[in-house]
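*Asks:* let me see the structure of the following:
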Amino acid sequence: MTVKEVIGTVMSLFLIIYYSIYGGMHAYFFFKVHQALNPTGWRLLALILFLLLMVNGPVLVRLLERKGDMLPATLFAYVSYFWMAGLLWFLFLGITRDLWNTGVRLASFITPESYRLIIPPRPAFFVTVLLITVAAVAGFIEARGLRTERVVVETDLFPAGSGPVKVAQISDVHLGLIEGQRRIDQILSILHAERPDILLASGDILDGMAHHVDSLSSSFAAFQPPLGKFAVTGNHEYYVGLADSLSFLEKSGFRVLRGEAVHAGPLRLAGVDDPAGRQTGQASYLDEGAALAMGDQRRFTILVKHQPLVEDSSVGRFQLQVSGHTHKGQIFPFNYPVRIRYRYIAGLFDLARGSLIYTSRGTGTWGPPLRLFSPPEVTIYTIKAKG
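*Replies:* Here you go, the predicted structure:
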């Protein structure tokens, strides 16, 4: 199969899964609204049409973006992605209520008076809407900020008395219709204040069509740390289109590490592609064992890898792995299902044999411009000699 055919097959499978799951979520919402409010006539028709529009919202956003209709694409992105977050919260709260009511009904067979604890549909609906509104406002405020997280790593691989090296990491910026110049300005403000020696980008810098955000590359290009800027691909670099993504990163001044290692001052930096490269039939450099075999292995080594997955054979061959991808779930309580897939969901972890991993919460947002209990970050590592 050609690359185009593979991408087409992957996209067809994705759409089948997407409509099955997202359509089911909308059907659940419809059932709950009908149960609580019993709309009829034009209200029922309006509800059905709105839900059909929202089911197709993310797809329509991409179609508008591809056509170059940026203003309607952006406006519709805000509506459909806010709705997506609200629907996820509605699903979580609704299922929680369903489980409670089921438990009460079972208990009522033993203790009939416990049936009074049933939560009725109408007040439950309005309380749920109120809670979602509060969460959305709080999440929007949290997402618009940007924190600086600091990590200090001591090593005996630096000569005694040598100065520290400061490394900055950005990840999962998702530049596109929602994240743009404002987010870049926030990032650059932190970088200019911190003055790192090296800047690392651990994937998913892009989200939308690359040619629509191409002008943003000049802002990144203006920042030149003394020991360089390095990046790896994330899954969204492949969804956007690998060629356009690499072009954007290179115009932004990054050297993209694809299954290779380079020296930067006293450090060795190794980087690999995201597995999405193979999954979409595009060229991919995933062999981190080969990358970690390159260069001077006596240097302090940072492995830059988009997803916080650890290969046991690599542990002990690097001192620090920096990753992203998880967003720490981005909006509570979805950090819990994400944790099932990714053990190292956010923060610093000791892997033993002298290796550490740090997973960034991400520097931007994907989909809804919301974060709840998972604020975006720029990570600053200070690597210094022991003693």
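*Asks:* phi, psi for the residue nearest to I331 when sequence neighbours are not counted please.
*Replies:* Closest residue in space to I331, ignoring its immediate chain neighbours: L372 at 4.5 Å, by CB to CB, 6 or more residues apart in numbering. C-beta: built from backbone N, CA, C; applies to glycine. Torsion angles at L372 (phi, psi; degrees, to the nearest 10) stand at phi -130, psi 110.
*Asks:* hang on, L372 packs against F140?
*Replies:* No. Contact criterion CB atoms under 8 Å: L372 and F140 do not qualify, at 9.5 Å.
*Asks:* those two: who's more crowded?
*Replies:* Higher neighbour count among L372 and F140: L372, with 23 against 17, using other CB atoms under 10 Å.
*Asks:* what ranges do the strands span in the stretch 251-387 of the chain?
*Replies:* Assigned by DSSP state E, counting those that start in this stretch, the strands in the stretch 251-387 of the chain fall at 255-256, 260-264, 267-271, 300-304, 320-323, 347-352, 355-359, 377-385.
*Asks:* among those, which comes closest to L49?
*Replies:* Closest approach to L49 among the strands of the stretch 251-387 of the chain (CB to CB): strand 377-385, 40.0 Å.
*Asks:* what is that closest one packed up against?
*Replies:* Other elements packing on strand 377-385 under the criterion 3 or more CB pairs under 8 Å, 6 or more residues apart in numbering; DSSP states H and E are strand 147-155, strand 165-170, helix 181-194, strand 320-323.
*Asks:* how distant is it from the center of its chain?
*Replies:* 21 Å (CA atoms, centre = their mean, to the nearest Å).
*Asks:* again with stretch 221-229
*Replies:* For stretch 221-229, the distance to the chain centre is 24 Å (CA atoms, centre = their mean).
*Asks:* flag every buried residue along that stretch.
*Replies:* F223, P225, L227, G228, K229 (16 or more other CB atoms under 10 Å).
*Asks:* for the lengthiest helix in the chain, packing partners?
*Replies:* Assignment by DSSP state H gives helix 70-108 as the longest helix of the chain. Under the contact criterion of 3+ CB pairs under 8 Å, 6+ apart, helix 70-108 touches helix 3-37, helix 41-55, helix 57-67, helix 121-144.
*Asks:* orientation of the first one relative to helix 57-67 in degrees?
*Replies:* Angle, helix 3-37 to helix 57-67, by axes from the mean of the first three to the mean of the last three CA atoms, to 10 degrees: 140 degrees.
*Asks:* between helix 3-37 and helix 121-144, how big is the angle?
*Replies:* Using the same axes, to 10 degrees: helix 3-37 against helix 121-144 is 140 degrees.
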